[in-house]
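Asker: Need coordinates for the following:
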Amino acid sequence: MTIPVRVAQGIEPIEGCTVVLPVARDPEGLLIPRGLPSEFSGAVVPDHVDTQWAARQGFEGKVGETLVLRTVDNPAVVLCGIGDAARADAEVWRRVGAAAMRASSKATEVALLLPLPSTIETRAVAQAVVEGALLASPKSNGSKSAPRDGAPVGFAVVPVALEGVSGEDRELVEEGAARGATVADAVCWARELIDRPAAQLTPRRFAHEAVRRLEGDPNVTVDVWRDTEIEAERLGGLLGVAAGSLEPPRLVKATYNPPGSASAPHVVLVGKGITFDSGGLSLKTADGMTTMKTDMTGAAIVLGALSVAARLGATARVTAIAPITENLPGQRAMKPGDVLTARNGTTIEVLNTDAEGRLVLADGLSLAVELEPDAIIDVATLTGAVRVALGPDVAAILGSDPTLVGALRECGKAQGEAFWELPLVDSYESHLDSDIADLKNIGKPGQAGTIVAGLFLQRFAGGRSWAHLDIAATGRAEADDGYLLKGATGFSLRTLVAYLLSLS
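Answerer: Here you go, the predicted structure:
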C-alpha cells in the first residue's frame, strides 16, 4: 500500500489529522521540544507533560513509546517518545515515524511536528521519519477475502522551529522526505514480492515484475535470459537446480550507467532467487518448507537496491544479477552425487540438493567477475546455521576485503540493520574437498555451516573485492515490531542503498 507523503508549508491546518509530538526523556522529567505551536489543526498542543501522570499511563518517553491524548471535540494528539534527545540518531527517528503511523487514527492523515534543528542533519531526520512511517504502514491484505482494516490516508511532516523555519531548512526536509519515500517504496516492493505465494511468483513472473519495476528507471537497462540463453551461457549451477521443475529458469541482469560514469566505481550485486525451495530430492520437512516462498529474497533485494540507486541519481555504476528458479524434486531433478559445471568451469559435486542457493550464486558470481567490477556483493537467504549463530536480529557478513566489509557494516549500523563479520577460516577449506570434482556443495554436518558456505562462494569471486551477506534469519519477521511487519523485512536493501550512495 502506498501512503502519500508531504511536507507541510508552515503551520497550515490539516483537516482531520492525528497530531504527533516527539517527547524526550530527561533526568528532570519528560520534555516537549520548544518552538511548537500551541494549537495545530484544532488540536491543543501541550507545552509540558506531567511525568508522574504519564508514568501512571505507562508512558516513560522511551523510544517508540506512544500515549494518545483524546478529547471530545478536538483531534487526537499522540505523544511519541524519542528517549534521550542527545542520542537520537537516524534509527531513533525511524522508529518514531513507525510509532507515529501505528498510533494514529485510521482514515486520518498523520501530522508529525518535527522540531528543528534536530539531533542529526535536517535532511537525514526527515528521511528517517518518512522511512519509518511508510515501512510501518499496513501491508496489502494478500489473498484474504475480508477487507483490510482502515489505515492512515497520508503522512505529513510539519517542520517547526523556535524562530521559524528557514527556506533552506524546508528544502532539506523536502529532499529528505522524498528520499525516504523512494527508499521505503523499494523496500515495500521487495517485501510484497517476497511475501507472494510461490504459485503467483514463478521465475517467469518474477522476471516480469523486475522488468516492470526497472524499465522506467533512469539510465537502467534490463536483460532477461531465458532457459535457452542460460544453457548457451553455460550456467550449469542454475540449470542443475532448475532441472526438477516444470517452470523454466530465468536470469535477470540489470545495469545502471549514469551519465559520465566511465571512471566511476562499479559495483555488482548478486542475489539468490529461489522462488520456492522444497530441498529437491534432499527434501525438507513440512515445517521446513512453510516459509520457502521467501528464498528469492536476495534477488528482490539487489534489484530493489539498483532501482533506488537509479532514482536517487547515484554516481556509481551498478549491475544487479539475479539467477531465478524453483528447487523441486521432479523426475529430472539433480541427484545427490551428480556433478555440475559452473559458468567459470569449476566442477561441483552435489551431495545435498538442499544446498542449492550456492549453486545458482556460483554462476551469478562468475558472471560478476567477468565484468571486472570494483566490488562484488552477494545477498542470500543461504544457511539455517546463521540463525543458530546470530539469532533473528543480526545478519552474517563474510568477505575478502576488510574495507568493503567495514563499509557495509557501518552503513548497516546507520540503517538499523546489524551485521556481524564471520571469518573465512582457511583450515575449513578442506571441508569442501571432493574426491571426484573441484569441490562439493556441503561441508561437515553441524560444523561452521555459514562459514563453509562463504568459503564455497569465495571460490567464485575471482579474487576480487567481495562480500557475502547471509540474511536467512533476518529476512523474515515473526511479528510486527517497530517498522518491521510480520513477514518479509527487506533486510539489507537500505544498507546496500546507503553503500552505493556513499560512493557518490
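
Asker: what's around the nearest residue to T346 once chain neighbours are set aside, how many residues?
Answerer: Of all residues not flanking T346 in the chain, D438 sits nearest, at 4.9 Å (Cβ to Cβ, 6 or more residues apart in numbering). For every residue, glycine as well, the C-beta is placed using N, CA and C. By other Cβ atoms under 10 Å, the residues close to D438 number 16.

Asker: I'd like to know how far D438 sits from A368.
Answerer: 19 Å (Cβ to Cβ, to the nearest Å).

Asker: Would you report the backbone torsion angles of the residue nearest to T346?
Answerer: Note on D438: its backbone torsions stand at phi -70, psi -30 [degrees, to the nearest 10].

Asker: And it, how far from L382?
Answerer: 20 Å.

Asker: how about the strands in the stretch 201-350 of the chain?
Answerer: 220-225, 250-256, 266-271, 273-277, 317-327, 339-341, 347-349 (DSSP state E, counting those that start in this stretch).

Asker: Just after the last one, pick out the following helix or strand.
Answerer: Yep, that's strand 347-349 we're talking about. Helices and strands here follow DSSP states H and E; after strand 347-349, the next one along the chain is helix 357-370.

Asker: Just name whatever secondary elements that following helix is in contact with.
Answerer: helix 236-242, strand 250-256, strand 266-271, strand 273-277, strand 317-327, strand 375-380, helix 449-458 (3 or more Cβ pairs under 8 Å, 6 or more residues apart in numbering; DSSP states H and E).

Asker: Can you list the strands that the longest one pairs with?
Answerer: Going back to what we said before, that points to strand 317-327. Strand 317-327 pairs in its sheet with strand 250-256 (antiparallel), strand 266-271 (parallel), strand 273-277 (parallel), by DSSP bridges.

Asker: With mean pLDDT, distance to Q331 and mean neighbour count as new columns, can these be given to me in JSON lines?
Answerer: What follows is the strands paired with strand 317-327, written out as JSON lines (pLDDT from 0 to 100; distance: least, Cβ to Cβ, whole Å; neighbours: other Cβ atoms under 10 Å):
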{"stretch": "strand 250-256", "mean pLDDT": "98", "distance to Q331": "22", "mean neighbour count": "24"}
{"stretch": "strand 266-271", "mean pLDDT": "98", "distance to Q331": "29", "mean neighbour count": "28"}
{"stretch": "strand 273-277", "mean pLDDT": "98", "distance to Q331": "17", "mean neighbour count": "28"}
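
Asker: closest one to L424 among the ones you listed?
Answerer: Nearest to L424, of all the strands paired with strand 317-327, is strand 266-271, at 17.3 Å by Cβ to Cβ.

Asker: Residues in contact with that closest one: which ones?
Answerer: Here strand 266-271 makes contact (Cβ atoms under 8 Å, 6 or more residues apart in numbering) with 297-303, 305-306, 316-322, 361, 364-365, 367-368, 371-380, 496, 499-500, 503.

Asker: mind running it again at 7 Å?
Answerer: 298-299, 301-303, 305-306, 316-322, 361, 364-365, 368, 371, 373-379, 496, 500 (Cβ atoms under 7 Å, 6 or more residues apart in numbering).

Asker: With stretch 151-165 instead?
Answerer: By Cβ under 7 Å, 6+ apart, the surrounding residues in contact with stretch 151-165 are 1, 3-8, 14, 34-37, 101, 104, 106-116, 126, 129-130, 133, 137-138, 169-170, 173, 177.

Asker: Noted, bye for now.
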